[in-house]
Each structure stands twice: as C-alpha cells, then as structure tokens.
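Undergrad: predicted structure and sequence below. I'll ask about it afterward.
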Amino acid sequence: MPYIINTYNGQQIAVVQDGTVDSTTDIKLVGKNYAGFGEIINENFVHLLESFSGANQPPNPLAGQVWYDSANRVIKFYDGNRFRIAGGAEIGPNQPVGLARGDLWWETDGEQLYVYNGEDFILVGPVSTGGEGVSQVTSRVVKDVSANDRTILTYTVNDAVMGITAKDEFILDSSKNPIAGFSSIKKGFNLANESSVPGIRYHGTAVNADNLGGIPAAQYVLNSGLQSFADQVKFLGDEGLTVGAGEDLKLHITSGDVGNLTNQVGNAIQFQVNTGTGSAVVAKFNQNQFLPATNNTGSLGSISTRWANVYCGNIDIDSTGVLTGNVTGNLTGNSAGTHTGDVVGNVTASTGTSSFNNLTVNGTLTATVQGTSDVANKLVVDAGTAREANTLLVNNSIVARDSNGDINVNILNGTATNSQGLNGASASTTATAGTIAQRDSNKDLTARKFLGTATAAQFADLAEIYKSDLDYEPGIVLIFGGDEEVTTTDKFCDHRIAGIVSTEPAHLMNSNAEGVAVALRGRVPCMMEGPTKKGDLVVTSPKNGIATCLSADSALPSSICILGRCLENNNEQGIRLVEVVV
C-alpha cells in the first residue's frame, strides 16, 4: 500500500508508492520496501541539520522551512510565498516585497538603509547615495574678515557648495574657512560663481530685478506707453506677436516656416488702403469668403495686368446665373454661348444649333448638336430612338457594367467559359442551404452532414459528448459523478473512470449535445504526473484531473480502475501531456 504523506496541519502533499522515492519536497520521501533507504534517510537528516545550506534557495519548500543562504550568510524561512530573512536587513538593488512593518532593507546600488513602515520604505541614511559624494543642506558657523561668527546655510550637491543663505552681508575669511565659489556674502540667497561651478544659474520666476544680463531695467521696453525703436525688432520664436486688447490678431509661424495671419476673435479680416484723402476698406476675408468692400465694386486683375490662371469650383457671373461672352478652354458646369473645346456637364441649347469639334458629356445633352461625341449617357440607335446605358434589367436599354464590372441580363446568348452559379445556385465554402459546395483556401469542404462511406479518418480516438460540471481542457481525466454526468477526482485508482477530454476526436458521438468530448477508445494526449514507460498502466492520481503510471513492481489494481496504457518513455516529475491509449 502507498504511503500518504500529510503536513503538520493535515494537508496531503504526496502519495509515495511502494518501492519508490518521491521528490515533492526538498527531502526525499521513501516508499515501503525501497532498497537502500538508509542512505536517503541519512542524507535527509544532514540536509535538515545544515538547513539546506547553499547559494540557491531550495526548489520545493514548505511553509516554515528554514534555509541557510550561504551567499549572503543569513538564515531565511519560507512564509508560504517567499524566503524571508530571520534577522538583519534584506539586501539588494530593488525594493523587496512581502516585508513586515519595521523590516530593514540595505539598497546596494546607493548604499543606503531603508525601514518599511507597512506601506512604503523610509530612508534612514546616509542622505547622499554611495559614490556620489555629499548632497545635503547644512547649518554652519563661519568667520568673517573681522573674526566675527556668522551663521549660514550651505546647499551641497555631490561635494560642491552650490548656494549659501545668509541673514547679514559680510566678507568670508577664506584663510580660516574657505568655501569654493564664495567670498563676498550678500543678504539672502547666494549662488556660487561660475569659476567654481561653470554655467550655474538661478531658474524660476523673479518678481523684480535690478538688472537683467547686466543691463539696467530702465533700458527695457515696458508693456505700457508709446515705445520707439531705432533698430530692427526681431521676434525669433514661432509664436510671433498678437495685437488687440483681446489678442484679436496673431502673426506667427507654423510648421517651421509657414507664415500665418490669424484672426483669433471675430470672423473678419479687412484690408484698408490709403486713398490719398484718407483710408478705405477695399476687401475683407469673412470666414471662408473673400469679399469686396461693397457689392459690385473692385476688380480681380485689370486689362493690362491679368492673372495667368484662375482655378475655382463654381463661377456665378450675375444674379441670373447667365454667362455672357465666349469661353475658350475646358468648361465644367452649365453655360450658354459659343464653346470651343470639351464640355463636361449638362448642355442645354434652347434655340439654335450647338457646334462642337469634340464633345464629352457626363450628364444630359438636350440640343441639336453637330459634331462628334466621345461620351454620352444616351446614344441614338434604332433609327433615331435614344437608348440610355443602364446597369439594371431595363427593357430597350444599353447594357452597362456596374461598379463591380458586372453586367445584369435575364438571358445571355453565347458560350460561357466560366460561371459563378449553376442552375440558379451559387458556389459557397460554407454549409449554406441551396448552394454548391466549394473547396476553401485549405482545399477542404464544409457541410452539415456527409452521406456515404468513410474509409479513413485523420484523428485517432472515438469520443462521446457528456455533460460536465466545468469546462475542462483537453487531456484532463474525468470520472462519472459530480453535479452533471462527469467530473474530476483526487482519488488514487478511482474505479469510476470515464475517459480523457479529447483534443481532436476522429469520430464524435452525440456531436450536437452540450458538454465535453470524452475519449473512450484510441490514442489521445493525457495530463500525467511522474515518470512514464511504454506499456505502464495508467490510473487516476491524488491530483484532480491528473493521471499517473503504475511502475512495474506496483501491486496490480482492479481492472475497472485502469484508464489505459502509456505510449511514451519520460523521466520528468512534473505535470505534462503524454500520449496514452484508452
């Protein structure tokens, strides 16, 4: 009979078969009648005596287990989640986890000591980190040149005094208490000179200043009053400048080099010029419109100075929409008059005859037209009857292709070399009623039911659907029982064995039922724990849903407990998928 091993609090951790050695824990558990058990037991005593001494922690610890960490020379204990030191400080570059309030941590990178308050780590010291010198604020008493004591605060960063705060003004006696970068100390905050700390500056917001860059404040331009400039004024930032009490108008740069005049308040920007007797508005931008000052005033170009090209979406010549005159070139839109060139749009000639050298109409042509048309919505065929091109099934129309390049006809006379449908049925790769079965990209056919005789199957097991209390993954061992039809068991050699959850059954019975596919016969992957050999008997283990192999010298169980036989040689101890035959 196997040994069932429990912890002090009664939790089962292992089942040791007769004549075997179990390595669930860091000491070896010996089964009944194991040859050479004395050596293993003696080694277990030695391991306990030395507290599993080593640089690496034991791989299979139990809560309460003690380990001597020889690399750091400290005793540690396992709290069920991690090994913690029994005394002293945790050591390492990163904040440790799982500490209790009051525990210490020595941070090795900065060489600083921290204490844990239950929520966060509080620095104990030193203030500066290891290898970076002294960084701190210190109160000092120094001597001035008159031998008087002066109290100051020094601000030190990495051994360099960056600043001094003093209540009174004095000259430091550098022969008695030299401080690099300082000689004459002023009231308030003093920065070190640039010879001591190159490039040192005060960064922040100053409410007032006597000088800026050595230039008196009186020489700078104020934000009120009339200012005059004798030299060029430059604004080097892309934000530019704004004008108006509400910053109405902004002159600025975008995208690195694009100049912008932006109206930030209101909707209009006006252009005002000197007329000789005063000033007047000649044009304005009003949102997305460019307008003259008043209706029907101003000109775009002149007779002597013309624009080379004008590009626009629409031209509204007058209030009636009539264009008077000749247009030379391509005209897109509605027009009346004499045209030379292509016309794209609707052409209407209420009287007279329109003459074109070449006419392209993407619309309706209503007129008496002389010339040649390349494109038109309607063609004159059948002795003067106009036929319109149509993508739909319209009688007496010209057949046109739709947006997919297809044509629609009731009857097509001729010879077809290819077809999408046969006798009204189209081809489909899915199991859709009334369609022709078509192979998919993998050359497979899909159907709800195949009628005929199968001579071979791709997969290896016979399975049947059973209702289960949970959704189990492939390889899990199931028994009959639980809230539904099948469930898992933690009993060794359980006689209620049902089968194994199938991965890809060759034949699935009750395929429309709800539940999991349970392999009843054939080859199937199975979740196993412990070593396996080909031909070993497979039975349930004390771990839910996991199987194990009986070794050759194990007592043979009842045949009703046998799940199958193993097909693989494997010396691993952990849980993994192993091929078995059910």
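TA: All right, it came through fine. Numbering: from 1, shown residues only.
Undergrad: which strands or helices does whichever strand in the chain runs longest pack on?
TA: In the chain, assigned by DSSP state E, the strand with the most residues is strand 516-529. In terms of contacts (3 or more C-beta pairs under 8 Å, 6 or more residues apart in numbering; DSSP states H and E), strand 516-529 is packed against strand 461-466, strand 477-480, strand 497-501, strand 547-550, strand 575-581. In short, each C-beta sits where N, CA and C put it, glycine included.
Undergrad: ok, now with 6 Å
TA: Applying 3 or more C-beta pairs under 6 Å, 6 or more residues apart in numbering; DSSP states H and E, one finds that strand 516-529 makes contact with strand 461-466, strand 497-501, strand 547-550, strand 575-581.
Undergrad: let's have those in CSV, adding mean pLDDT, mean neighbour count and distance to residue 71.
TA: CSV is the format used below for these (pLDDT from 0 to 100; neighbours: other C-beta atoms under 10 Å; distance: least, C-beta to C-beta, whole Å):
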stretch, mean pLDDT, mean neighbour count, distance to residue 71
strand 461-466, 94, 22, 51
strand 497-501, 95, 25, 45
strand 547-550, 94, 24, 37
strand 575-581, 94, 18, 31
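Undergrad: any chance of the ones you listed in a markdown table, with distance to residue 527 too?
TA: Shown next, in a markdown table, are these (distance: least, C-beta to C-beta, whole Å):
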| stretch | distance to residue 527 |
| --- | --- |
| strand 461-466 | 15 |
| strand 497-501 | 8 |
| strand 547-550 | 7 |
| strand 575-581 | 6 |
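Undergrad: looking at those strands, spot the one closest to residue 490.
TA: When the helices and strands packed on strand 516-529 are compared by C-beta to C-beta, strand 547-550 sits nearest residue 490, at 11.9 Å.
Undergrad: contacts for the next helix or strand after the closest one, please.
TA: The C-terminal neighbour of strand 547-550 among helices and strands, as given by DSSP states H and E, is strand 564-566. By C-beta atoms under 6 Å, 6 or more residues apart in numbering, the surrounding residues in contact with strand 564-566 are 532, 535, 536, 538, 549, 580, 581, 582.
Undergrad: and for stretch 48-60?
TA: For stretch 48-60, contacts defined as C-beta under 6 Å, 6+ apart pick out 25, 26, 66, 67, 68, 70, 71, 83.
Undergrad: CA atoms only: put that stretch into CSV for me.
TA: Extracted C-alpha coordinates of stretch 48-60, given in CSV (Å, rounded to 0.1, in the frame of the first residue of the first chain):
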residue,chain,number,x,y,z
LEU,A,48,17.9,19.3,7.9
LEU,A,49,21.0,19.8,10.1
GLU,A,50,22.7,22.2,7.7
SER,A,51,19.3,24.0,6.9
PHE,A,52,19.7,23.2,3.2
SER,A,53,22.9,25.4,3.0
GLY,A,54,23.6,26.8,-0.4
ALA,A,55,23.7,29.9,-2.6
ASN,A,56,20.4,28.9,-4.3
GLN,A,57,17.1,28.5,-2.4
PRO,A,58,15.6,25.0,-2.1
PRO,A,59,13.3,24.4,-5.2
ASN,A,60,10.4,22.7,-3.3
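Undergrad: for that stretch, what is the average pLDDT?
TA: Stretch 48-60 carries an average pLDDT of 93.
Undergrad: equivalent analysis for stretch 148-158, please.
TA: Rounded mean pLDDT across stretch 148-158 is 92.
Undergrad: contact partners of that stretch?
TA: Here stretch 148-158 has contacts from 132-142, 144, 161-166, 170, using C-beta under 6 Å, 6+ apart.
Undergrad: quick one: low-confidence parts of the stretch 151-300 of the chain?
TA: Scanning the stretch 151-300 of the chain with the threshold set as pLDDT under 70 gives 218, 225.
Undergrad: so where do the helices sit in it?
TA: In the stretch 151-300 of the chain, no helices are defined using DSSP state H, counting those that start in this stretch.
Undergrad: and the one residue sitting closest to the centre of the chain, how far is that from residue 116?
TA: What sits nearest the mean C-alpha location of the chain, by C-alpha atoms, centre = their mean, is residue 94, with 27.0 Å. Residue 94 is 14 Å from residue 116, where distance means C-beta to C-beta, to the nearest Å.
Undergrad: what does residue 476 give?
TA: 43 Å.
Undergrad: next one: residue 573
TA: Distance from residue 573 to residue 116, by C-beta to C-beta: 37 Å.
Undergrad: between the two, which one's more packed in?
TA: Each of residue 573 and residue 116 has its neighbours counted (other C-beta atoms under 10 Å); residue 116 has more, 18 against 13.
Undergrad: tell me how far the more buried one lies from residue 85.
TA: 13 Å.
Undergrad: do the same with residue 531
TA: Going from residue 531 to residue 85 by C-beta to C-beta gives 37 Å.
Undergrad: and for residue 251?
TA: 68 Å.
Undergrad: what do you get for residue 14?
TA: Where residue 85 is concerned, residue 14 sits at a distance of 29 Å (C-beta to C-beta).
Undergrad: same deal with residue 139?
TA: In terms of C-beta to C-beta, residue 139 sits 38 Å off from residue 85.
Undergrad: more neighbours: those two, which one.
TA: Using other C-beta under 10 Å as the criterion, residue 139 and residue 85 rank with residue 85 on top: 18 against 9.
Undergrad: residue contacts, that one?
TA: 74, 76.
Undergrad: list the beta-bridge partners for it.
TA: For residue 85, the beta-bridge partners under DSSP bridges are residue 76.
Undergrad: how close does it get to residue 247?
TA: Look at residue 85 and residue 247: by C-beta to C-beta, they are 64 Å apart.
Undergrad: next: residue 219.
TA: Using C-beta to C-beta, residue 219 is found at 27 Å from residue 247.
Undergrad: neighbour count winner among those two?
TA: residue 247 (11 against 8).
Undergrad: the more buried one - nearest residue in space that isn't next to it in sequence?
TA: residue 264 (5.9 Å; C-beta to C-beta, 6 or more residues apart in numbering).
Undergrad: again with residue 435
TA: Closest to residue 435 by C-beta to C-beta, 6+ apart is residue 428, at 3.8 Å.
Undergrad: try residue 18
TA: Closest to residue 18 by C-beta to C-beta, 6+ apart is residue 32, at 4.6 Å.
Undergrad: just the element for that neighbour, please.
TA: Using DSSP H and E, no helix or strand contains residue 32.
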